[in-house]
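[1] this one's sequence-less:
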């Protein structure tokens, strides 16, 4: 069996003498054999588990032994900031062997790209969108550039697999492999997930079941906790009730420590950042609407400072190095246990230090969500990573991108580019026909090529809009002189205000001095306070899963998570349990009639399952119902007898939720689909058929005055 001695001797020399490592970590040791053998693999470890080295050391050894030439390894990440952070390490490792690494993403300028095209680095660090852009660019000879690719490393692969960027990534990798002309080794790096074997099969794409593959996860072989045992780490749950109180607690506790605070919205990051600075706390901010230079300055300053706080959305959840961190603080709760594990893994990296996280709940709902998440975590449960179903809009995008890449594609040959990969094979036929019928593609002499409608909708700036698979809400760039601070929601520039118009951005208040409507820019000057932060979305809501919503019901029924609860948290939970007492029952669901005759079915099933149930039982549901995680409003005149009949009739025919036209705007490339297929795609994603079926199979208890 291969081990550390099978690595390249020069590489091994530097591991021992330059890095000063006495040996490799278990993951790094166990990854050597499958990667040297050319197997596909998913390397699983907690944050800071050495995954980058576990992948790169064997692949660099293989590169040297087999004399790979040209760009032979692609290292793909979901975030440009993560690529920036990884580059110095990979430049060091490749240089030991006389090889090179380089970076290509949207922030790399034209001269930097030209240098890469001429110099052909051995390892190219990039994003899926940049890979796509290289494939379709007239300035890149993609056959020459990618012709030597032997292996592809996908970092944070779980972050791709759970959304449409994952489908986009898989499709682009198949196109790269087609250009290469032979199977390319695929290595995924992932935090802990609930279904690693499924994730590996997903990553293999068309090679699943055809190529040798394995999950490497030595930490999963460790003994599991006994039932009821407290998980390791210092996890505490507190209730503070407001952002002001959260700022007071953060400013007062853990002085002298470096603290990373996670918030679930950009607005909350801005509000907390401003309040911490007002209390004299050295504070830095990071979120997606801050300018790249602003974020980079904050992250670099935070990495070098000691007694300070950085407030962030999920932008710092992935493996970007922010230095020697003492503590993680979470306002309310992240959306998933997997996200919490990523954040928790930011701490405890020093010898003798425990991983820690302090939850500060801003409301009763936030406290309940945090308690439910911690209950599931304390049981060792992590969400399975599941690709969104029926990605027809990505199929349309990929067919257009392929025609742009190849100039023209045979009308019976396009499927070969995806080697039979699921939705990109035979199921794509009606989509291709629609693209031709609507003028997105032209068809002549048995060949397909870009048509006038694709030029009109996606042709701006050399089809740049065709390479990103997600829709971003329009924002205005905010400038102080020539310095970009970030972006803000345009509604802040149009809503009526009394007095001067002020924005909150980068943790500071700014007064708007001029708005350039044509170029979507506004100019500002600093002021002492009164700024407002806001960012709009595209109609999507945070949809809590069936499992986490059911865990919230368990908490209300009296189960506490195995973490430290402050007195304030205990008191707030006691009040919540009293308030929800009639809406929870251990033996099934509850239909409760309130004194105002409001009839609610307390399903505790999560947003998607409730949307499915509301569609399935439409004749029993209040037509004005707005879907939420916990309950469904029923018709006031509903009787137990009528309910039983409706449920009996519906049990065998679950329905997909209705799709509102506004929601389709968030599904990029939906205009390139037949309307019925666009609606079917979104409906499938709004549904939880399994959760809905489970709820329909439970007993229902009627409470209150029911005729």
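    Everything's here; your move. The shown structure was predicted, so the numbers you read here are calculated from the model rather than taken from an experiment.
[2] and the strands in the stretch 101-250 of the chain?
    Here the stretch 101-250 of the chain has its strands, by DSSP state E, counting those that start in this stretch, at 101-104, 123-126, 151-154, 185-190, 213-216, 234-239.
[3] TSV for these, including distance to residue 280, mean neighbour count and mean pLDDT?
    All C-beta atoms are positioned from the backbone trio N, CA, C, and that covers glycine. Below are those laid out as TSV (distance: least, C-beta to C-beta, whole Å; neighbours: other C-beta atoms under 10 Å; pLDDT from 0 to 100):
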stretch	distance to residue 280	mean neighbour count	mean pLDDT
strand 101-104	38	22	96
strand 123-126	39	24	97
strand 151-154	43	24	98
strand 185-190	40	26	96
strand 213-216	47	20	96
strand 234-239	22	22	96
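[4] figure out which of those strands is closest to residue 201.
    Closest approach to residue 201 among the strands of the stretch 101-250 of the chain (C-beta to C-beta): strand 213-216, 7.7 Å.
[5] partner strands of the closest one, with direction?
    strand 40-44 (parallel) (DSSP bridges).
[6] can you give me the angle the partner strand makes with strand 185-190?
    Interaxial angle, strand 40-44 versus strand 185-190 (axes from the mean of the first three to the mean of the last three C-alpha atoms, to 10 degrees): 10 degrees.
[7] pull the distance from the helix or strand following strand 40-44 to the chain's centre.
    Next along the chain after strand 40-44, taking DSSP states H and E as the criterion, comes helix 51-66. In terms of C-alpha atoms, centre = their mean, to the nearest Å, the centre of helix 51-66 is found 27 Å from the chain centre.
[8] quick check: mean pLDDT across helix 51-66?
    Averaged across helix 51-66, the pLDDT comes to 97.
[9] which strands and helices lie in contact with it?
    The contact analysis (3 or more C-beta pairs under 8 Å, 6 or more residues apart in numbering; DSSP states H and E) places helix 51-66 against helix 9-17, helix 26-36, strand 40-44, strand 73-76, helix 80-96, strand 151-154, strand 185-190.
[10] if we can go back for a sec, could I get the strands of the stretch 101-250 of the chain as JSON lines with distance to residue 693?
    Shown next, in JSON lines, are these (distance: least, C-beta to C-beta, whole Å):
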{"stretch": "strand 101-104", "distance to residue 693": "46"}
{"stretch": "strand 123-126", "distance to residue 693": "42"}
{"stretch": "strand 151-154", "distance to residue 693": "34"}
{"stretch": "strand 185-190", "distance to residue 693": "30"}
{"stretch": "strand 213-216", "distance to residue 693": "30"}
{"stretch": "strand 234-239", "distance to residue 693": "33"}
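[11] who wins for proximity to residue 557 among the ones you listed?
    strand 234-239 (17.6 Å).
[12] give the pairing partners of the closest one; include direction for each.
    Assessed with DSSP bridges, strand 234-239 is paired to strand 356-361 (parallel), strand 564-565 (parallel).
[13] so which of those strands is the most packed in?
    With neighbours defined as mean count of other C-beta atoms under 10 Å, the strands paired with strand 234-239 peak in mean count at strand 356-361, which reaches a mean of 25.
[14] still on that earlier bit, export the strands paired with strand 234-239 to TSV and tack on mean pLDDT and distance to residue 330?
    Shown next, in TSV, are the strands paired with strand 234-239 (pLDDT from 0 to 100; distance: least, C-beta to C-beta, whole Å):
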stretch	mean pLDDT	distance to residue 330
strand 356-361	97	5
strand 564-565	96	14
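[15] may I ask you to name the longest strand in the chain?
    Longest strand in the chain by number of residues (criterion: DSSP state E): strand 508-516.
[16] can you give me the buried ones in that one?
    For strand 508-516, a neighbour-count test (16 or more other C-beta atoms under 10 Å) marks 508-512, 515 as buried.
[17] need the next SSE after the lowest-mean-pLDDT helix or strand in the chain, C-terminal direction.
    In the chain, no helix or strand scores lower on mean pLDDT, DSSP states H and E than helix 460-463, which sits at a mean of 69. Next helix or strand after helix 460-463 toward the C-terminus (DSSP H and E): strand 476-480.
[18] what sits up against the helix or strand that comes right after that following strand?
    Next along the chain after strand 476-480, taking DSSP H and E as the criterion, comes strand 483-488. Identification of contacts with strand 483-488 by C-beta atoms under 8 Å, 6 or more residues apart in numbering yields 289-291, 293-294, 475-479, 503, 505-506, 510, 522, 524, 533-535.
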